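A.B. asks: next comes the sequence, and after it the predicted model I'd like to discuss.
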Amino acid sequence: MTDLHTMRHSAAHVMAQAIKELYPNAQFAFGPETEDGFYYDVKIPDGALKQEDLGKIEKLMQRIQKAKKPFEQAEISREQALELFKAQEFKIKALNGLLKDSATLTTYTQDGFTDLCRGPHVENTGQIGAFSIDRIAGSYWLGDSKNESLQRVYGLCFATRDELKEYKTMLEEARKRDHRETGKKLDLFSFHDEGPGFVFWHAKGLKVFNMLLDHIRSLYSKQGAQEIKTPEVLSVELWHQSGHYENYRDSMYFTTVEDREYAVKPMNCPGAILTYKTALRSFRDLPLRLMEMGHVHRFELSGVLHGLFRARAFTQDDGHLFCAPEQIEEEISLFVDAVMSTYKVFGFDDITIYIATRPEHSMGTEEIWETATNALKVPLDKKGIPYKIKEGEGAFYGPKIEFNVKDCIKRNWQLGTIQVDFAMPERFELEYVGSDGNRHRPVMLHRAILGSLERFLGIYIEHVSGNFPVWLAPVQVMLLPVTDNQNGYCGELSQILADAGIRAEVDFAGERVNKKIRNAQMVKVPYMLIIGEKEAGAKNLSVRLRTGETVNEIPVERFVSAVKGLAASRAAALWDEPLAPPQRTEA
RNA sequence: GCCGGUGUAGCUCAGGGGUAGAGCAACUGAUUCGUAAUCAGUAGGCCCGGGGUUCAAUUCCCCGCACCGGCUCCA
């Protein structure tokens, strides 16, 4: 069997050959394999590759593949290499840069096309499996934005046609789940030219957002955190003191009034710190757990904006905790529990934890770093929760834990974090009075369960593909009168549901039930109540679930208690007992 | 920010040097219907913005802006 990595690597060479046939002057940089195929960074001296070229490249590649041309390896000296690739500027740069210590080099040749490469490769081009040229994008020489920009041609490559097809189906699935599309379809939010990168929450989207907000609030509250709210615009001097100005002024928004300069907050911690400093704290006050649903603004480069995933203003569930060093461990322990159980509520069961340790440039003594890093590890060890170490990837001001989840199409997302911070207490000269009567410096912990609520909602929308569970659904119940004769009764019913705290709407459109069902399905309402003569007479309900299943002859009180129960328990299920199979389902 | 692409009705998209079309949605009328689209009609457009070429630009060229795919970045 041919190894997939080798196959992909070889496919990159074949693609380069095909590109060279189309553009003889093409300059090639690097062409490695990726998680789903391969790419090659190229420069076309007079012009650029176009979308239309991809089909041509693919056809050429298929021709080369069919011809089963052998890959031939050769060892050459530096001098030979410099001569051989003299027309390839990036190969020359590589030879004089990354490869400057190699006395001999390896080349691979297939079908008259030679590339500098360590290998290994498949025996012949017939062995490269199923591929397709996927897309074209920008990149930089050596990945540095200061360098010349190149074009990156991506290809997918798998051992078999079926695997390639399956992977493409998965990509298509991801595309269909795109939260930006769902946001439009379900009337949740919008973006506008007038405020690029800023979310406009519509009534339905804000409903979901606020439910989420309440949920997170109650979690923090259970942990003994007190919610505060600090200003969005604060004097620029504060940001000098915190160090944010120095490091992040390029991504901050500024404004000047009455000759004094202010910045829109990019973080919430200085606000929490000023709050801490309003009193002389005692060791009895610690740990002092503050938290803020802080709305922060960060100027992001136009090219990186991406719906809710990357916006220029967002809401952080930002906890700030002030404690003595020996209290860190207990706090971490509490927090880890909260995070793990929170993610499970949302159906994120695959959680990976990283501990990021001391980087080269950092502040604080070796002992305090060790104490803090151990304080992060010990609770995880005690709970038997596995974690990985990211060596030297902590912040300069302290180590941190990062929580990652995998969504239902296997994409990885970093959500929560808890960071130990020695820097801020120092910069702001925070103190508390210890039992010894002396003043001590507290340690600060920054923590977030979801990070950005906006981003989390984007991830979650894609995770459930817009099918919110009962507790989060902006409209929980849609009442569908079969004819106009039931309109009045539906109005009364929806009032009963509203009084019970259930979010219900009536579809009064002069349409057939089929159409009303379709419309409700399209916006993914969990419950549809079909109200005809029968139901109006018997005062019972015919319930159609979003999943296509039905439960009939349900007394109103029974329905109300089921929905309320499922919402209160934040269940993913739509009914509280076994169901008859669906009559019909459609994606 | 950089590279490439896109920008036409509320939405999804077609079209193309002689100022525009479809489906859905909206509105009106008819239909009163039982678990994913009833029928007919009406209305709807500074063809992203600004320059240029041309007798004539929504179409071609240049410059912006926004969005999409990446790269870089993400305290």
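C.D. replies: That came through, no problem. Residues are numbered from 1 along each chain as shown, chains lettered A, B, ... in the order given.

A.B. asks: residues contacting the residue nearest in space to the middle of chain A?
C.D. replies: For chain A, the residue whose C-alpha lies nearest the mean C-alpha position (CA atoms, centre = their mean) is residue A:413; its distance is 4.5 Å. For residue A:413, the contacting residues are A:404, A:405, A:406, A:407, A:459, by CB atoms under 8 Å, 6 or more residues apart in numbering. Backbone N, C-alpha and C define where each C-beta goes, glycine included.

A.B. asks: and the closest residue to RNA strand B within the stretch 301-450 of chain A, how many neighbours does it have?
C.D. replies: Of all residues in the stretch 301-450 of chain A, residue A:303 sits closest to RNA strand B, at 2.2 Å by CB to the nearest atom of the strand. Neighbours of residue A:303 under the rule other CB atoms under 10 Å: 7.

A.B. asks: show me where pLDDT drops low in the stretch 1-150 of chain A?
C.D. replies: Residues of the stretch 1-150 of chain A that meet the criterion pLDDT under 70 lie in A:1-2, A:46.

A.B. asks: any chance you could map the helices in it?
C.D. replies: For the stretch 1-150 of chain A, applying DSSP state H, counting those that start in this stretch gives helices covering A:4-22, A:53-66, A:78-84, A:89-96.

A.B. asks: now residue A:505: which helix or strand?
C.D. replies: Taking DSSP states H and E as the criterion, residue A:505 maps to strand A:504-506.

A.B. asks: quickly list what the closest residue to residue A:55 other than its chain neighbours is bridged to.
C.D. replies: In space, residue A:55 comes closest to residue A:133 once its chain neighbours are excluded; the distance is 7.7 Å by CB to CB, 6 or more residues apart in numbering. According to DSSP bridges, the partner residues bridging residue A:133 are residue A:155.

A.B. asks: hmm, residue A:51 and residue A:133 touching each other?
C.D. replies: No. Here residue A:133 lies out of contact with residue A:51, judged by CB atoms under 8 Å, at a distance of 10.4 Å.

A.B. asks: these two: which is more packed in?
C.D. replies: Each of residue A:133 and residue A:51 has its neighbours counted (other CB under 10 Å); residue A:133 has more, 24 against 8.

A.B. asks: now do the contacts for that one.
C.D. replies: Residue A:133 makes contact with A:15, A:54, A:55, A:57, A:58, A:61, A:153, A:154, A:155 under the criterion CB under 8 Å, 6+ apart.

A.B. asks: drop anything exposed from those residues.
C.D. replies: Burial by neighbour count, 16 or more other CB atoms under 10 Å: within the contacts of residue A:133 this picks out A:15, A:54, A:57, A:58, A:61, A:153, A:154, A:155.

A.B. asks: I figured the last one was touching residue A:33, is that so?
C.D. replies: No. With contact defined as CB under 8 Å, residue A:155 and residue A:33 do not form a contacting pair (9.8 Å).

A.B. asks: quick check: neighbours shared by the two?
C.D. replies: When contacts are counted by CB under 8 Å, 6+ apart, the set common to residue A:155 and residue A:33 consists of residue A:12.

A.B. asks: show me which residues of the stretch 401-550 of chain A are close to RNA strand B?
C.D. replies: When proximity is defined by CB under 7 Å from any atom of the strand, the stretch 401-550 of chain A lies next to RNA strand B at A:419, A:482-485, A:509-515, A:517-518, A:521-522, A:528, A:530, A:532-535, A:542, A:544, A:548, A:550.

A.B. asks: let's see 6 Å
C.D. replies: Within the stretch 401-550 of chain A, the positions lying close to RNA strand B (CB under 6 Å from any atom of the strand) are A:482-484, A:510-515, A:517-518, A:521-522, A:530, A:532-535, A:542, A:544, A:548, A:550.

A.B. asks: about what we covered before: determine which stretch of the helices of the stretch 1-150 of chain A is the most buried.
C.D. replies: Across the helices of the stretch 1-150 of chain A, the average number of neighbours (mean count of other CB atoms under 10 Å) peaks for helix A:4-22, which reaches a mean of 23.
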